[in-house]
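>>> need a 3D model of the following:
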Amino acid sequence: MSRRLFKDDAFDFNAKIVLGGVYRGAGDVGEALSTIDRIHDGDSESWHWEWLKSGERVLAVAEECEAAGHPVSAREGYLRASAFLYTSTRSLDGTKDPSRRHEVWRAHRRAWDDSASSATRRSSGSRFPMRGRSSSASLSPHLFGRPAANRHSEQR
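Predicted structure coming up:
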């Protein structure tokens, strides 16, 4: 994409990464462009807060979908929320309090895990030892995805 979304190179690159994720369900064009429009170019706090707000809003919708018995919509929402929450961490090093990364990372990871666990027919998890480590605390989680038998038969 040759059109710049931001003058700031890092913001421009990361915004395009988000838009690229739309193809695989890690975002929605309208949600992403709306968030991008609210960000002040080059302002790391603005980047963080706008993506955080979008991630939290989408997470709440995913939780409502899950409670209402709509597993596919919930899974899709959790995945989008996970991506937006992760994106909010990309500018935190440029803020006065980069330690917020840990709290937001945990929220991102919970949304990711909820997305993966709600895809029970499509994924399975395993834990593998990290190179050079022997304790169970050093097991690295991995998720293996596989296509559903009939994707269109799932309840939205």
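
>>> not counting sequence-adjacent ones, nearest residue to Trp105?
Thr89 (6.2 Å; CB to CB, 6 or more residues apart in numbering). Any C-beta I mention is one placed from the backbone N, CA and C, and that applies to glycine too.

>>> that neighbour reaches Ser99, doesn't it?
No: in this structure, Thr89 is not within contact of Ser99 by CB atoms under 8 Å, at 11.3 Å.

>>> the two: which is more packed in?
Between Thr89 and Ser99, Thr89 has the larger neighbour count (other CB atoms under 10 Å), namely 21 against 9.

>>> OK, contacts around Gly25?
Glu76, Leu79, Arg80 (CB atoms under 8 Å, 6 or more residues apart in numbering).

>>> now do the strands in this structure.
Secondary structure of the chain, counting by DSSP state E: strands at 123-129, 139-145.

>>> rewinding a little: now, the contacts of Gly25 that are in helices?
Among these, the members falling in helices (DSSP state H) are Glu76, Leu79, Arg80.

>>> select from the residues you listed the one having the most neighbours.
Arg80 (27 neighbours).

>>> how close does that residue sit to Lys96?
28 Å (CB to CB, to the nearest Å).

>>> cool, and Ser117?
Going from Ser117 to Lys96 by CB to CB gives 35 Å.

>>> repeat that for Thr35.
Thr35 is 22 Å from Lys96, by CB to CB.

>>> so which of those two has more stuff around it?
Counted by other CB under 10 Å, Thr35 and Lys96 do not tie: Thr35 has more neighbours, with 23 against 9.

>>> for the more buried one, give me its contacts.
By CB under 8 Å, 6+ apart, the contact set of Thr35 is Glu50, Trp51, Lys53, Ser54, Phe84.

>>> surely Ala62 and Ala111 touch.
Yes: counting by CB under 8 Å, Ala62 sits close enough to Ala111 to count as a contact (7.4 Å).

>>> and for those two, which residues touch both?
Listed as contacting both Ala62 and Ala111 by CB under 8 Å, 6+ apart are Tyr78, Ala81.

>>> related to what we said a few turns ago, and of the ones in helices among the contacts of Gly25, the nearest to His40?
The nearest member of those to His40, counting by CB to CB, is Arg80 at 23.0 Å.

>>> no further queries at this time; thank you.
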